[in-house]
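**Student:** My questions are about this predicted structure, shown below with the sequence.
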Amino acid sequence: MKIYFIATNQNICVGSYRIWVRDLSRTLNSLGHDCKIVKTVIEIPKEAEMVILSKNDYHLAESVANTLNCIVGCINLAADIKNKFIDFIITGSIEESISLSAYDNVFLYPLIELDYENISPKQHTENNTIKICFHGHYPHLSKFNPHLKQALEIFAQETKIELHVITGSENFTWNIGRPNVPIIYKHWNHKNFVHDIQQCDIGVIPNVTDLNAYIPQLRATQSRDQGWYHTDYNIRFKNKSNAGRAFVFYQLGIPVIADLTPSNLHILGDTSCGYCAHNSHSWLRALRQLKSHNLRRKVSLNARNAFKRLYDPCIWAQKLIEQINGSI
């Protein structure tokens with residue numbers, strides 16, 4: 001197929017461009033499709049069969065539909081945006097796909113980073129300081145509160161640790177959930193990212209908000225008829241939640257502790273591949289176990305192998321095109 005991606009912002013530091021435009025187009029080209037990336041509608045010839053708009057270019061759908069006789073798709077559309085000129089949407093997780101189900105054609109292509117496919121995994125050895133890594137958008141740091149924060153503070157009393165925070169945001173203040181442990185901040189840099197990640201021993205992925213910690217009366221609201229109990233989970237998470245931050249750790253050989261975000265369970269449902277946590281006890285138990293460099297090596301290898309098996313970009317890209325063509 002002749003497929004054109006429109007991306008007015010082609011900054012490699014933007015994950016949505018890097019994964020769903022640059023990397024996806026490369027993968028589709030390797031499968032025999034003819035893919036090109038442009039910045040404007042006028043650069044696309046009449047024979048184009050499909051146009052895919054990058055995350056922030058959805059507003060160009062009407063212009064594409066009125067100019068070209070082709071299928072029009074959009075990447076990562078906000079759930080509250082309605083646009084009758086969009087034929088399909090590409091999402092990064094089941095959670096996001098469900099939130100966009102008002103559209104007839106919603107297809108999943110996970111956040112697979114081609115840059116990290118062939119990187120040798122970290123070789124875990126015994127060391128005196130356990131380096132724990134968070135990477136991602138800085139608002140996720142608030143999700144350390146309260147459970148991961150508590151677990152890290154207890155773990156720091158038992159073991160010498162450092163928390164490495166890698167984020168693309170330079171000007172932010174971490175108030176909510178900041179643990180009282182040694183913290184090293186690093187600015188996300190495409191050239192240094194692999195090195196910065198592989199300096200660390202354990203990856204942590206907090207994403208959900210535990211509403212029981214913020215609204216205590218939820219625990220007290222019980223009903224046998226409705227199946228409400230004081231032990232219930234009450235969590236909140238973004239509709240665009242996904243496993244992308246965990247994927248990078250898997251690819252680079254870092255064992256993962258992640259929360260109960262549904263997408264995390266595709267790999268972490270196999271407990272040989274890492275740990276799911278929610279309350280402080282579960283975060284702390286996982287941290288304590290991963291103090292062993294031998295276990296870190298074993299878990300990270302299992303997760304890496306599972307990721308390679310379950311997230312082959314060629315398989316996902318071919319399935320994406322088949323689903324689009326079969327539905328529109």
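**Tutor:** Received, thanks. Only a predicted model underlies this, so the values are computations on that prediction, with no experimental measurement involved.

**Student:** backbone phi and psi for the residue nearest the centre of the chain, please?
**Tutor:** Residue closest to the mean C-alpha point of the chain, counted by CA atoms, centre = their mean, is Gly244 at 2.1 Å. The phi and psi values for Gly244, taken as degrees, to the nearest 10, are phi -60, psi -40.

**Student:** Dihedrals phi and psi, the nearest residue to it once chain neighbours are set aside?
**Tutor:** Nearest residue to Gly244, sequence neighbours excluded (CB to CB, 6 or more residues apart in numbering): Leu111, at 3.3 Å. In short, each C-beta sits where N, CA and C put it, glycine included. Backbone geometry at Leu111, expressed as degrees, to the nearest 10, gives phi -80, psi 80.

**Student:** so what's Leu111 up against?
**Tutor:** Neighbouring residues of Leu111 by CB atoms under 8 Å, 6 or more residues apart in numbering: Gly15, Ile19, Gly92, Asn242, Ala243, Gly244, Phe247.

**Student:** From Gln318, how far out is His190?
**Tutor:** 27 Å (CB to CB, to the nearest Å).

**Student:** Which positions within the lengthiest helix in the chain qualify as buried?
**Tutor:** Longest helix in the chain by number of residues (criterion: DSSP state H): helix 293-310. Residues Arg296, Arg297, Val299, Ser300, Leu301, Asn302, Ala303, Arg304, Ala306, Phe307 are the ones in helix 293-310 that count as buried (16 or more other CB atoms under 10 Å).

**Student:** what do you get for stretch 246-266?
**Tutor:** Quick answer for stretch 246-266 (16+ other CB under 10 Å): 246-261, 263-264, 266.

**Student:** With stretch 263-282 instead?
**Tutor:** Buried residues in stretch 263-282, counted by 16+ other CB under 10 Å: 263-264, 266-268, 273-277, 279-280, 282.

**Student:** Pick the one among the residues you listed closest to Thr231.
**Tutor:** Nearest to Thr231 among the buried residues of stretch 263-282 is Asn279, at 11.0 Å by CB to CB.

**Student:** Need the nearest residue in space to the closest one, chain neighbours excluded.
**Tutor:** His147 (5.3 Å).

**Student:** One more: Gly274?
**Tutor:** Closest to Gly274 by CB to CB, 6+ apart is Val256, at 4.2 Å.
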